[in-house]
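> I'd like to go over a predicted model; first the sequence, then the structure.
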Protein chains: 4
Amino acid sequence: MIVIMRMGASAEEIQSVVDRISGLGFRTHMSQGEERTIIGVIGDERPVNKDSLARMQGVERIVPILRPYKLASRDFQPHDTLIEINPLAKTGDYRGCTVGGKRLTIIAGPCAVESREQILETAQIVKEAGAHMLRGGAYKPRTSPYSFQGLGEDALVYLAEARQATGLPIVTEIMAPEQIPLLTKYADVLQIGTRNMQNYALLHAVGEAGFPVLLKRGMMCTIEELLMSAEYILSHGNRKVMLCERGIRTFETYTRNTLDINAVPVLKELTHLPVIVDPSHATGKWNLVSAVSRASVAAGADGLIVEVHPHPEKALSDGGQSLRSARFAEMMTQLRRVADAVGRTL
Amino acid sequence: MIVIMRMGASAEEIQSVVDRISGLGFRTHMSQGEERTIIGVIGDERPVNKDSLARMQGVERIVPILRPYKLASRDFQPHDTLIEINPLAKTGDYRGCTVGGKRLTIIAGPCAVESREQILETAQIVKEAGAHMLRGGAYKPRTSPYSFQGLGEDALVYLAEARQATGLPIVTEIMAPEQIPLLTKYADVLQIGTRNMQNYALLHAVGEAGFPVLLKRGMMCTIEELLMSAEYILSHGNRKVMLCERGIRTFETYTRNTLDINAVPVLKELTHLPVIVDPSHATGKWNLVSAVSRASVAAGADGLIVEVHPHPEKALSDGGQSLRSARFAEMMTQLRRVADAVGRTL
Amino acid sequence: MIVIMRMGASAEEIQSVVDRISGLGFRTHMSQGEERTIIGVIGDERPVNKDSLARMQGVERIVPILRPYKLASRDFQPHDTLIEINPLAKTGDYRGCTVGGKRLTIIAGPCAVESREQILETAQIVKEAGAHMLRGGAYKPRTSPYSFQGLGEDALVYLAEARQATGLPIVTEIMAPEQIPLLTKYADVLQIGTRNMQNYALLHAVGEAGFPVLLKRGMMCTIEELLMSAEYILSHGNRKVMLCERGIRTFETYTRNTLDINAVPVLKELTHLPVIVDPSHATGKWNLVSAVSRASVAAGADGLIVEVHPHPEKALSDGGQSLRSARFAEMMTQLRRVADAVGRTL
Amino acid sequence: MIVIMRMGASAEEIQSVVDRISGLGFRTHMSQGEERTIIGVIGDERPVNKDSLARMQGVERIVPILRPYKLASRDFQPHDTLIEINPLAKTGDYRGCTVGGKRLTIIAGPCAVESREQILETAQIVKEAGAHMLRGGAYKPRTSPYSFQGLGEDALVYLAEARQATGLPIVTEIMAPEQIPLLTKYADVLQIGTRNMQNYALLHAVGEAGFPVLLKRGMMCTIEELLMSAEYILSHGNRKVMLCERGIRTFETYTRNTLDINAVPVLKELTHLPVIVDPSHATGKWNLVSAVSRASVAAGADGLIVEVHPHPEKALSDGGQSLRSARFAEMMTQLRRVADAVGRTL
């Protein structure tokens, strides 16, 4: 951490800052420039409240040197985290998958579970096309209180049945800490949605649950904030965290969100956690999904989470961004070629 | 709602859309342009899933005509909502205040309750300067798991003591549904923070609690989304909702957020709910707080929520944006003049 | 400037950076932290190419200490710049005005000059309501090549006639360096539009012209970039620069732009140049203009530039954000009260 | 175009709008909803000033139906535009290239021409690695007036020499209309930079010049605005327009800009013009360039424009985002595989 003093800061002001820093247990290092004095702070600055320090008389600003996250960083763990999704342990009759390795992980399924038939049919479709996990919402966070809010536990029962039929592990969204017992009973991965990325009560709870988590980036959150939210989960003891880039909000309105493709190589550099891309929410338009899925794999993503619906024009939510069966199968074929071009497998 | 068909949509495609709409119980009205056919949908379109309709063959896009919220709108209730904050009902020994009338409501206090002394001292300061409510966090949503997370129930006890001493009602933040019993025991207004504006489980719960709520705008949420979140609370039976503009996230980094001053007159036009501005988070810098507070009052805000700390340079959070006692008192004097200039009182 | 070396940078890498800095004529100051080495650079860093330095082996990042602008800063000139707009020097028969003093400067008029009658009528209206300058476009930067592009020199002739009739100095937009001789012949202030804020050829040219300039902030430019563009004009010899906050582009779509009200006190702190606000473009809606105009004055703006049209429903451009005559007069009355409340006059 | 009337608009107001529309030469089509009246306007709405219409009494808002651009659209020209860059016509001794076909176009070179040696060396490097055109700035738009502004005509002479030596056509930036004679004498493609995308005087001038143009998307501009700027050039007679996605400005600060990868398939759908991606400015970091270049090709881009510098740590500008020789060659190898996977060649 570096403290930059204002031009003309007095000797008393400088001394006062040095004393405060020393009082916090750090050594300081002074540097006298032509216009300003700079005070270097030596030690692990992470727990220091930089904001109040910045408020001291004569201080212009504080420049942090260290990244604010630790467990999530490559410095802490240089090798990639591999996450075993192993429903086998529960029911004994189907295969799991590993997220974060050479093989890409494709998660596919409808936005929401709408009926037993719908989810069973979709599970079969995505399984045949080569997907590795099945997604489907039981509890849906909807902008409007008047929109379809999900089938609740019924949906979970259907999802479990779909897993039984296809062997695909289940990814479903969690909206509140009290849902943990119910959801972990049926599902294999808990998804934290974009609007809950900074719901700290929820992060804390899934951190303690120790269950695999797919953490979606807040549409309004920086890459660093995503890693800080992951840090919450990691620091409460759960190392099974997958990150998901799902598009950010920008001034561009032609697409629902703007896929931050830069975030893929940035995250692969900064963290050891697997990086999944959601091309459906990142575009909001089914006809863009294949192109940005190929791009995501080419950029180094470890997997995709894609909305697939057998009849998008009848979907109760997100019909506009869901792929039909044939289109999804075609995309999987394209992805195999791109994966191969960048040294991955599908 | 209007359905715009693609150029060259076939008669079958058009008929299919008309049939779907009729099947939903709406009448349609066709308009044949030179390049495109337009289908008007007559009736209350709010519950219709526009997204799946948009996915039908031959459809280019859907244009909603009605606003998606109802209870929050001026169409539904033309007169301003007045919210009585009346702790008297509980303890019998202090005055309350009314939010939304001619008199502005000034809520002031520290970001977090840090000690009994700190909150009692601050309560006295803001009371003397003319504030109407006391703010102070007991549970703090912090970006970092390593930062100060609040004193919890101890803080609530101190806040209640400060209310006892000054007569100021208490505003404090709620982070999860399960905190409702505890927080409503001590506080007078539940604040929903910017990161929880779309935490629907929480909105649902405070909606059912029927307790006054200060709903902060998400830093990356539109005005319409803010009103939709208010609609969640209203539609679950709670009409005591205050909206809070607290700055949005933009590309400008000199300030912590960008105060969307436009939102003040926009909200006063669209909704009957009171509009409070938070100049502290909207700027992130104490030296900008007075100027934007004056601006907010001049633009028509019904009140302010301001961070005040007796010793900002020692604050455990948000020191950089907190006003000292003297500065807050000076600001209150300025605000009285501006309020008077726009026909309000303080 | 501070150079932060990567964790584990070698002694050779550090020495190589030190040598490069010394070679540029600066002294260095080393600070050895627990995880990283920091190199302080002593001297005026502004001309240094930080980007290539950042590319040297072992460098993590560069932290600039000094602001990149100089002539525009309060450090360089602590007192406010006053700009005399004095058309008297040309024609001898009307008063000028001073921008940047205690008296606010209100610039009003139509988006574009549409006819002789329209501009003469508008000039009379805004003069009677108390405006100090007349705005009107002769050459219009329009998003579409198919939209009205302005009347060109005819408009300038009409504007000069309006000045003759009312005594109001003229503000009009410049789009290219070659327009300088023509525009300075008729107008009193050259406006640089939001899309040209970083048109450096134009900044250079008006810098050399030495004529008063109203520089609008780019809709996606930071406050610092606005000051850097002002620095271009100042550094080419022209000190008569007024800055204009006119709203920035954000994710909010209800309004045309988001007025960055924070920028008003920020600019008043960072620079000595006058700060004008454009409430018309900042909102895009006439019914919001009065509220945000009051807010701008309350926040400390030195003036406003407002679109006024006698018949907005017939305007060839920007009708939606233009005030009618009566509404403008009413707003001026309100502004007088707010100006008085903050120690300014109208 | 559809006119949505306010709830409760009077018969006179509705008639008045109908009369105005009829007066403009359009037919109307009325639709009476439960809450609002809708007026459809039949005909080519593009030249209509929607803004003033929206200002008429009783009007709530206007919904455009047609896209505002025409010549740039796939509706106007369904097949891809191919642009021949053919310096042969001038000097007779080197090959050209075609932009927009199956073969990708790779444009590479330094941000700025810094010396004869530098550009000749770089030209050789990028030629050997397989690039098809050479980029290099002679006139540089720099945020600071104190930064390196380019070598001017000397740079152009060196660029022409590099073309002579390698056969690579030259891309260089134009900053003002008056540079056209000089630049077209030396260069093969005129680049319009991100800050000039809406410099309409410049668009007009290059439109009339009829010379190949690489039009960069404004960092603050929507996809539609990019197409409107292309429309300016096309409508002035120049069909040789390449579009360039180079990253947009968002709240994310870890990277210099956010590459809008969605824009690639969106543009390929909306327009017939070739789409080039600039991974260097879109990331601002050399170590991200390869990943997002692969992503761009996988998403369907027709080419790339990449900053390459033999000694980035000594570059006078953009050193941080420039690739060294070996890294560029390695990237070209990767790109060949990805191009092949998506049915393109390099």
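Nice, thanks for sending it over. Numbering: from 1, shown residues only, chains lettered A, B, ... in the order given.
> Output the biggest helix by length in chain A as CSV, nothing but the C-alphas.
What stands out as the longest helix in chain A, according to DSSP state H, is helix A:325-341. Output of helix A:325-341 as CSV, limited to C-alpha atoms (Å, rounded to 0.1, in the frame of the first residue of the first chain):
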residue,chain,number,x,y,z
SER,A,325,-32.7,-29.3,-30.3
ALA,A,326,-31.3,-29.4,-33.8
ARG,A,327,-29.5,-26.1,-33.4
PHE,A,328,-27.9,-27.2,-30.2
ALA,A,329,-26.7,-30.5,-31.8
GLU,A,330,-25.2,-28.5,-34.7
MET,A,331,-23.4,-26.1,-32.3
MET,A,332,-21.9,-29.1,-30.4
THR,A,333,-20.4,-30.3,-33.7
GLN,A,334,-18.9,-26.9,-34.4
LEU,A,335,-17.6,-26.7,-30.8
ARG,A,336,-15.8,-30.0,-31.2
ARG,A,337,-13.8,-28.6,-34.1
VAL,A,338,-12.9,-25.4,-32.2
ALA,A,339,-12.1,-27.3,-29.0
ASP,A,340,-9.7,-29.5,-31.0
ALA,A,341,-8.1,-26.4,-32.6
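> what's the helix or strand encompassing residue A:155 packed up against?
Here residue A:155, judged by DSSP states H and E, is contained in helix A:153-166. Secondary-structure packing of helix A:153-166 (3 or more C-beta pairs under 8 Å, 6 or more residues apart in numbering or on different chains; DSSP states H and E): helix A:116-129, strand A:133-135, strand A:170-174, helix A:180-186. Every C-beta, even on glycine, is put in place using the N, C-alpha and C of the backbone.
> May I ask you to confirm that residue A:48 is in contact with residue A:3?
No: Residue A:48 is beyond contact range of residue A:3, at 10.7 Å (criterion: C-beta atoms under 8 Å).
> hang on, residue A:198 packs against residue A:219?
No: using C-beta under 8 Å, residue A:198 is not in contact with residue A:219, being 11.3 Å away.
> Name the nearest residue to the residue of chain A found nearest chain B, sequence neighbours excluded.
Nearest residue of chain A to chain B: residue A:220, at 2.6 Å (C-beta to the nearest C-beta). Distances taken as C-beta to C-beta, 6 or more residues apart in numbering or on different chains put residue B:220 closest to residue A:220, at 2.6 Å, once the chain neighbours are dropped.
> shared neighbours of residue A:48 and residue A:3, anything?
With contacts defined as C-beta atoms under 8 Å, 6 or more residues apart in numbering or on different chains, the residues shared by residue A:48 and residue A:3 are residue A:41.
> Looking at these two, which is more packed in?
Neighbours were counted for residue A:48 and for residue A:3 using other C-beta atoms under 10 Å in any protein chain shown; residue A:3 has more, 26 against 20.
> Please name the spatially closest residue to the more buried one (chain neighbours excluded).
residue A:39 (4.2 Å).
> ok, the one you found touching residue A:2?
Yes: at 7.0 Å, residue A:39 counts as touching residue A:2 under the criterion of C-beta under 8 Å.
> ok, the two, which is more surrounded?
residue A:2 (23 against 20).
> Could you say which helix or strand holds residue A:30?
strand A:27-32.
> Report pLDDT for the residue lying closest to residue A:342 once chain neighbours are set aside.
Leaving aside its chain neighbours, residue A:342 sits nearest to residue A:298 (5.8 Å; criterion: C-beta to C-beta, 6+ apart). Per-residue pLDDT puts residue A:298 at 98.
> So residue A:298 sits against residue D:298, correct?
Yes: if you go by C-beta under 8 Å, residue A:298 and residue D:298 touch, sitting 3.7 Å apart.
> joint contacts of the two?
The contact lists of residue A:298 and residue D:298 share A:338, D:338, where a contact means C-beta under 8 Å, 6+ apart.
> List phi and psi for residue A:105.
Backbone torsions for residue A:105, taken as degrees, to the nearest 10, come to phi -110, psi 120.
> Unless I misread the structure, residue A:39 falls within a strand.
Yes: assessed with DSSP: H, G, I helix; E, B strand; the rest coil, residue A:39 lies in a strand.
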